[in-house]
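In: Any chance you could fold what I've pasted below:
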Amino acid sequence: MGFAGGLTLIPMLVLLVAFIFGSVLARRGEKSWRTMLMLAGSMTQAAGIVAYIVGMVVMFSSLSGSSGSAGGMSDTMSIMMVVVAISGLLVLAGMVCFAIGFVAYCARAGAAGKRAEELEEMLGHLQQRVAEQDRI
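Out: The predicted model follows:
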């Protein structure tokens, strides 16, 4: 894997670390299908990135070691291209799973925050009524 190929992995790895960190923290706070989907998505993305790295390393090592028959090398190359394509699909599926879980988690958190504001407002009104009753 060349220098440019390694540079393209840096944003993927940064995203992966952020996804795993966020999904683990969310899972510790709430154990639901939303956080499980986020965690499964980040793990699927990790598997895809690892498969991509392994596929690229094997592909480039088979290119550099050009000993053997040309037919055997083309078979290896086609297998590695399939591995790289599958790893790309794994990364994409992991991102989609994480995004679905994240949106559902945020929607629930937003609804809970709105309900908490309503309850605080109701509590404020009740405290005002109690204070007025004590004055009378």
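
In: So which residues of this protein form helices?
Out: For the chain, the helices defined by DSSP state H cover 3-29, 33-64, 70-135.

In: count of neighbours near Gly113?
Out: If you count neighbours by other C-beta atoms under 10 Å, Gly113 ends up with 10. Any C-beta I mention is one placed from the backbone N, CA and C, and that applies to glycine too.

In: Now do the contacts for it.
Out: The neighbourhood of Gly113, defined by C-beta atoms under 8 Å, 6 or more residues apart in numbering, contains no residues.

In: just to revisit the earlier point, any chance of JSON lines for the helices of the chain, columns mean pLDDT?
Out: As requested, these are exported to JSON lines (pLDDT from 0 to 100):
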{"stretch": "helix 3-29", "mean pLDDT": "78"}
{"stretch": "helix 33-64", "mean pLDDT": "84"}
{"stretch": "helix 70-135", "mean pLDDT": "82"}
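
In: For those, state which one has the densest average packing.
Out: A comparison of those by mean neighbour count, using mean count of other C-beta atoms under 10 Å, puts helix 33-64 on top with a mean of 18.

In: what helices or strands is that helix leaning on?
Out: On a contact count with 3 or more C-beta pairs under 8 Å, 6 or more residues apart in numbering; DSSP states H and E, helix 33-64 meets helix 3-29, helix 70-135.

In: Output these in JSON lines, with distance to Ala51 appended to each entry.
Out: Putting the helices and strands packed on helix 33-64 into JSON lines (distance: least, C-beta to C-beta, whole Å) gives the following:
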{"stretch": "helix 3-29", "distance to Ala51": "12"}
{"stretch": "helix 70-135", "distance to Ala51": "4"}
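
In: Find the centremost residue of the protein, please.
Out: Ser42 (3.4 Å; C-alpha atoms, centre = their mean).

In: Quick check: the residue lying closest to it once chain neighbours are set aside vs Met59, distance?
Out: The spatially closest residue to Ser42, leaving aside those adjacent along the chain, is Phe19, at 3.9 Å (C-beta to C-beta, 6 or more residues apart in numbering). Distance of Phe19 to Met59, computed by C-beta to C-beta, to the nearest Å: 26 Å.

In: Cheers, nothing more for now.
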